[in-house]
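> the following block contains a protein sequence and its predicted model.
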Amino acid sequence: MAPTNNGGPSYGFIIIIFIVTAAVLISLGLRDTGPSKFKRKITPIISDPLSSVTDFACRNGGIGFNGACICPLGWSGYQCDYVDGLCGGEYEFDFVYPGMSPDPDPLHVSPATCVLPPDTLCCWRKQLLDEKATASTTVRSLAALHESDIKNRKFDNYNNWNRLFHIYGPWSESDKQMLSYLVGTPRTPGPLRAAKMVHPPPALPQVSSSPELHFEPDHTKAKRTRLAFVIMVHMDPGRLGGLLESIYSPDHLYVVHLDANLNHWQTQEARTTVEKYKQGNVRLMGRRFAGTWGDISLVYMNIACIVELLQMDKNSASPWSHVINLSIYDAPLKPIYRLEEFLAMEEHKDRNFINVEDLGRNDRRQNLHITCNRVNTRILFPNGMQACGGDTYAEDFQERISSASNITLVNNWMYLIPVGHEHTPTVYHEGSQWHILSRAFAEWFVSSIESVEMLFSFKFTFIPDESMFQTAILNSPFKHTHINNHYRWINWKRGNINVLAEDKDELKRTNHFFARKVIDPKVFEMIMTEVVPAWK
């Protein structure tokens, strides 16, 4: 006779409860709840650990990975929303920046307006550098792991991501959006997920950084190349139509980034302009960044646009050779086919054109900067750095990792890892944010775990758009491709660098291909009708 149930739970129900409880306990045991529980080697517990970057709404500087949130020290919980201990110190905002005018109103800046809670910056630093936060073991493990992976070029190794997410936090929503472009999804993989080896060109001969320009009299006979353009629109979208028309060719690709701070009507105006180009080679960026002067967001939007341009012709039989970044107030000084001809020349085809002018502005990378209420802000800890890992952390930290030659300090907050296989200290460089980059370098930059780590090491520096690409190129296998010229005309001789009508004769003579700061529409029209035709 079958057993009867006299009102108690059935055996089947008890078994189900046991199985569910065991599964939950196992899941919690595998889950990485924060940096202090760093594991040197991990095993994915979900089919696509990188999907957690966008799928998990981690707060307070946390980031999703492998089915859980990696939380800053002092925070825990499913979304890093539970305070389990204070680790930071007192801090204050500072707005004393050279050239910042007018000074921002401190009354409008508060921790609640910052892209990250300021105290989590202190906490994250402490969990890496403070002996009491088990940082010594963590850092040495991360360094050893990187030492192995960089040699084996394990781009798809999830331990690389585990290391990167633990070191370069805390993570803002802008940081996560940048990661989403680089990683993509299994169905539409980004360049880092579908990484490949990118080989730099062979040794190139030395060439002048300011050569005389000699073009084919009949430009139809000249060798030409296909180009890609990044156009960043932070204001005045009514100027987009004129700029696009002045540089447009059906052979080229164009990606337009509209700053997320633009209002609905400005966005719609730019969208209407782009929709006039029916061939599909002009595209608006879908996911947009909110740009702030002096902030890493300006670098992110540039890199995201490069990722988009690489996706647009990844199967092309004639891929673009160089990418040029422009702002809404730039203007070409020559017909675009002259730039095609110039970059197709044998001495220029594999080159990277960017200004490097090292002025020793160490304050840009020695202080901590974040954006609060759309103002780039320096955070100061009046009581020193003791609360965030120690006053003499730099010497202690360098001593602790002395056996890991692949790590070098870059500033008081982050450190970056040299690019390539040469374990030499990374040298910081600066210059201008405007450039003409080769496709080979662009592909390498967005598909190399080393360069991406370098990118995130600049998150809290000041004006990283004037140092990121210089540092990357000159510490990479592409350093021999650099030419110290961005081919932009800028009048630094007067206090006002805006292009004026009186500059016409000099614009006609210059070797540069673009002019910066053409604010006046009448001056733009003068350039189109009187300067550009001089080079036809």
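Arrived safely, thanks for sending.

> what's the burial count for residue 165?
22 (other CB atoms under 10 Å). Heads up, the C-betas are built off the backbone N, CA and C, glycines and all.

> looking at this, it is in a helix?
Yes - counting by DSSP: H, G, I helix; E, B strand; the rest coil, residue 165 is part of a helix.

> ok, it - contacts?
For residue 165, the contacting residues are 63, 65, 70, 171, by CB atoms under 8 Å, 6 or more residues apart in numbering.

> save these as CSV, and put in distance to residue 181 and pLDDT too.
Converted to CSV, those look like this (distance: CB to CB, whole Å; pLDDT from 0 to 100):
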residue, distance to residue 181, pLDDT
63, 15, 93
65, 17, 90
70, 20, 89
171, 14, 93
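
> and those, which of them are in strands?
63, 65, 70 (DSSP state E).

> just the buried residues of these.
63, 65, 70 (16 or more other CB atoms under 10 Å).

> wait, the last one touches residue 62, no?
If I follow you right, that is residue 70. Yes - with contact defined as CB atoms under 8 Å, residue 70 counts as touching residue 62 (5.9 Å).

> so what sits against both of those two?
Shared contacts of residue 70 and residue 62 (CB under 8 Å, 6+ apart): residue 169.

> now stretch 49-56: how far from the chain's centre is it?
Its chain's C-alpha centre and that of stretch 49-56 lie 19 Å apart, by CA atoms, centre = their mean, to the nearest Å.

> again with stretch 63-76
Averaging C-alpha positions (CA atoms, centre = their mean) puts stretch 63-76 22 Å from its chain's average.

> which element, helix or strand, includes the nearest residue to residue 531 once chain neighbours are set aside?
Using CB to CB, 6 or more residues apart in numbering and skipping residues adjacent in sequence, the residue nearest residue 531 is residue 507, 4.7 Å away. Assigned by DSSP states H and E, residue 507 belongs to helix 504-509.

> what residues are bridge-paired with residue 232?
residue 257, residue 327 (DSSP bridges).

> hey, what's residue 379 bridged with?
On the basis of DSSP bridges, residue 379 is bridged to residue 93, residue 368.

> find the centremost residue of this protein, please.
Nearest to the mean C-alpha position of the chain, by CA atoms, centre = their mean, lies residue 300 at 3.7 Å.

> under a three-state scheme, what state does that residue occupy?
Going by three-state DSSP: residue 300 is helix.

> ok, the nearest residue to it once chain neighbours are set aside to residue 307 distance?
Once flanking residues are discounted, residue 300 sits nearest to residue 178: 4.4 Å by CB to CB, 6+ apart. Separation of residue 178 from residue 307 (CB to CB, to the nearest Å) stands at 9 Å.

> out of these two, which sits in the busier spot?
residue 178 (26 against 22).

> could you check the pLDDT of that one?
Listed pLDDT for residue 178 reads 95.

> for residue 292, give me its contacts.
Counting by CB under 8 Å, 6+ apart, residue 292 has contacts 298, 371, 374, 375, 376.

> rewinding a little: which residues touch the residue nearest to residue 300?
Each residue near residue 178 by CB under 8 Å, 6+ apart is listed here: 289, 300, 303, 304, 455.

> please redo it, this time with the cut-off set to 7 Å
Counting by CB atoms under 7 Å, 6 or more residues apart in numbering, residue 178 makes contact with 300, 303, 304.

> buried ones from the contacts of residue 292, can you make that a PyMOL selection?
The buried residues among these can be selected in PyMOL (16+ other CB under 10 Å) with this line:
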select buried, resi 298+371+374+375+376
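
> now intersect the contacts of residue 292 with the helices, please.
Among those, the members falling in helices (DSSP state H) are residue 298.

> ok, the contacts of residue 292 vs residue 324, which is closest?
Of all these, residue 324 sits closest to residue 298, with 16.1 Å by CB to CB.

> any idea how far residue 122 is from the nearest residue to that closest one once chain neighbours are set aside?
Spatial nearest neighbour of residue 298, excluding adjacent residues (CB to CB, 6+ apart): residue 465 at 4.3 Å. Noted for residue 465: a distance of 25 Å to residue 122, by CB to CB.

> now swap in residue 494 and tell me
When residue 494 is compared with residue 122 (using CB to CB), they lie 43 Å apart.

> what does residue 73 give?
Relative to residue 122, residue 73 is positioned 9 Å away (CB to CB).

> repeat that for residue 316.
48 Å.

> pretty sure residue 437 is in a strand, no?
Yes - applying three-state DSSP, one finds residue 437 inside a strand.

> report how many residues lie close to residue 336.
Quick note: residue 336 (other CB under 10 Å) scores 20 neighbours.

> nope, residue 478 is what I was after
As a burial measure, residue 478 scores 24 neighbours (other CB under 10 Å).

> ok, it - contacts?
Residue 478 makes contacts with 200, 352, 441, 444, as judged by CB under 7 Å, 6+ apart.

> same check on residue 273?
240, 241, 244.

> go on, residue 309?
Going by CB under 7 Å, 6+ apart, the list of residues near residue 309 reads 228, 253, 255, 323.

> and of the residues you listed, the nearest to residue 512?
Checking the contacts of residue 309 against residue 512 with CB to CB, the nearest one is residue 323 at 17.7 Å.

> burial count for that closest one?
For residue 323, the neighbour count with other CB under 10 Å is 23.

> helix/strand/coil for the closest residue to it other than its chain neighbours?
Nearest residue to residue 323 in three dimensions, chain neighbours excluded: residue 228, at 4.4 Å (CB to CB, 6+ apart). Three-state call for residue 228 (three-state DSSP): strand.

> now for residue 228, how many residues are close by?
Residue 228 has 26 neighbouring residues, counting by other CB under 10 Å.

> how near is it to residue 303?
13 Å.

> doesn't residue 93 make contact with residue 377?
Yes - counting by CB atoms under 7 Å, residue 377 does reach residue 93; the two are 5.2 Å apart.

> more neighbours: those two, which one.
residue 377 (25 against 19).

> contact partners for that one?
With CB under 7 Å, 6+ apart, residue 377 has these contacts: 93, 95, 109, 369, 370, 371.

> just the helices in the stretch 201-350 of the chain please.
Counting by DSSP state H, counting those that start in this stretch, one finds helices in the stretch 201-350 of the chain at the ranges 240-247, 264-274, 297-312, 336-344.

> distance to residue 183 added to those helices, as TSV?
Listed next are these as TSV, based on distance: least, CB to CB, whole Å:
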stretch	distance to residue 183
helix 240-247	30
helix 264-274	26
helix 297-312	10
helix 336-344	30
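
> so which of those helices gets nearest residue 471?
helix 297-312 (11.3 Å).

> confidence score at the closest residue to residue 92 other than its chain neighbours?
Closest residue to residue 92 apart from its sequence neighbours, by CB to CB, 6+ apart: residue 380 at 5.3 Å. Residue 380 carries a pLDDT value of 73.

> same deal with residue 417?
43.

> and for residue 83?
82.

> redo the contacts of residue 377 as a markdown table? Include pLDDT and distance to residue 460.
Below are those laid out as a markdown table (pLDDT from 0 to 100; distance: CB to CB, whole Å):
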| residue | pLDDT | distance to residue 460 |
| --- | --- | --- |
| 93 | 72 | 14 |
| 95 | 60 | 16 |
| 109 | 72 | 17 |
| 369 | 82 | 6 |
| 370 | 84 | 6 |
| 371 | 86 | 10 |
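
> fine, thanks again, bye for now.
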